[in-house]
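> how would this look folded up:
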Amino acid sequence: MKVWGDGKSASSDMMSLQASMHLWNARRDPRRKTASMEMYTHVSNQWPIIYHQPIVLGNRQVGAAIEGVVRQDEIDLDQLTVDTHGYTDVGMCIARMQTFDLCPQLANLRERRLTVPRGVKIPEALATVVDATLHVDCIQERWDELLRIAASISNGTVSAVQVLERFGSVAQGNPIYRAAKPMGRLLRTIFLCDFFTKPEFRREIHRVLNRGESVHTLQRAIHSGAIPHDRGRRPEEMHAISGSLALLTNLVIGWTSLQTQAALTALRLRGIVFSPEVLRHVSPIRYHNINFRGTFGFPFERYLVELLGRDDSRNLKPTLG
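Numbers count the residues shown, from 1 in each chain. This is a model prediction of the structure:
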């Protein structure tokens, strides 16, 4: 697993599962045009799912992204990669105060300008991409309140989902929002500088996000049909569905990883060795060799006389066994 990643970063994204239109918490998926439920998963850069949670389709995902990192206790994450739906400026601030970096793959990247505090002298070469418009005095004024919110999320007094819903764009007049937003903008500026100037950092973000999408492909192969109307009515039922799907997915990933290691060991004994750079691109989410519907065995040897109409079962047993 070490060739796949260091285990210090992960990606999070949602996957919609078709559901009965009679479920109160189902929403219409704009792409699939069907009633759906949303499963939000955190996938390590070493491939396994480290956290899962069901959320309502269409809700902002940044709270769920941060909540998953804080609540999972498998690994100590340094970075979480998300898409545009898993990012807000306030979320960038809250994530950093939880000791990890939110690394968004932003849409309309050409329109994302760098933002620095007012009064900062901008070099002429960067004047077209940098704005000196941030008021940072409010960050110092509300720092204690930001720490209190971060501590409340960390100890479980309140969830990150509730905090990010409370301090969304509708809270622009709130003093805490006015402190968290410029801090998030500063952190985003630092992130964009790394994103544009470090090709390996940029490739790693794309790689981890693609792994999350690949795991979703495996999950869709495991889960068949729609969530029926008599399931998913209560939060506990949705957590059970999400947890079962995550468990089966990790079982497939773990089994495939073991078989891959066995094959590599056999090849090594024959003198065939692959470099870590090659093995890094070998994924454990292939599923065409796995029968997800189970294996059925029928004891034909017990009924050969009835089936064949004559008593020659002794001669046929070795052939049919």
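
> What ranges in the stretch 201-321 of the chain fall below the confidence cut-off?
Applying pLDDT under 70 to the stretch 201-321 of the chain flags the ranges 309-321.

> got the residue ranges for the helices in the stretch 101-250 of the chain?
137-141, 143-154, 160-166, 175-197, 199-222, 235-269 (DSSP state H, counting those that start in this stretch).

> Quick check: which of those helices is nearest to residue 83?
helix 199-222 (6.9 Å; C-beta to C-beta). For every residue, glycine as well, the C-beta is placed using N, CA and C.

> Any buried residues in the closest one, and which?
204-205, 207-209, 211-212, 214-216, 218-219 (16 or more other C-beta atoms under 10 Å).

> Can you convert these into TSV and add a column each for distance to residue 241?
TSV is the format used below for these (distance: C-beta to C-beta, whole Å):
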residue	distance to residue 241
204	32
205	30
207	29
208	25
209	24
211	23
212	19
214	21
215	17
216	15
218	16
219	11
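
> of all those, which comes closest to residue 251?
Residue 251 lies nearest to residue 218 out of these, by C-beta to C-beta, at 10.8 Å.

> So that closest one is in contact with residue 288, correct?
No - if you go by C-beta atoms under 8 Å, residue 218 and residue 288 don't touch, sitting 10.8 Å apart.

> chain center to stretch 267-274: distance?
Chain-centre distance of stretch 267-274: 34 Å, with C-alpha atoms, centre = their mean, to the nearest Å.

> ok, and what's touching that stretch?
residue 264 (C-beta atoms under 8 Å, 6 or more residues apart in numbering).

> ok so, going back, just name the closest of the buried residues of helix 199-222 to residue 165, please.
Of all the buried residues of helix 199-222, residue 212 has the smallest distance to residue 165: 23.4 Å, by C-beta to C-beta.

> Touching, the closest one and residue 13? I think so.
Yes - assessed by C-beta under 8 Å, residue 212 is found in contact with residue 13 at 4.9 Å.

> which neighbours do those two share?
Between them, residue 212 and residue 13 share these contacting residues under C-beta under 8 Å, 6+ apart: residue 41.

> about what we covered before: mind picking the two most distant members of the buried residues of helix 199-222?
204 and 219 (23.0 Å).
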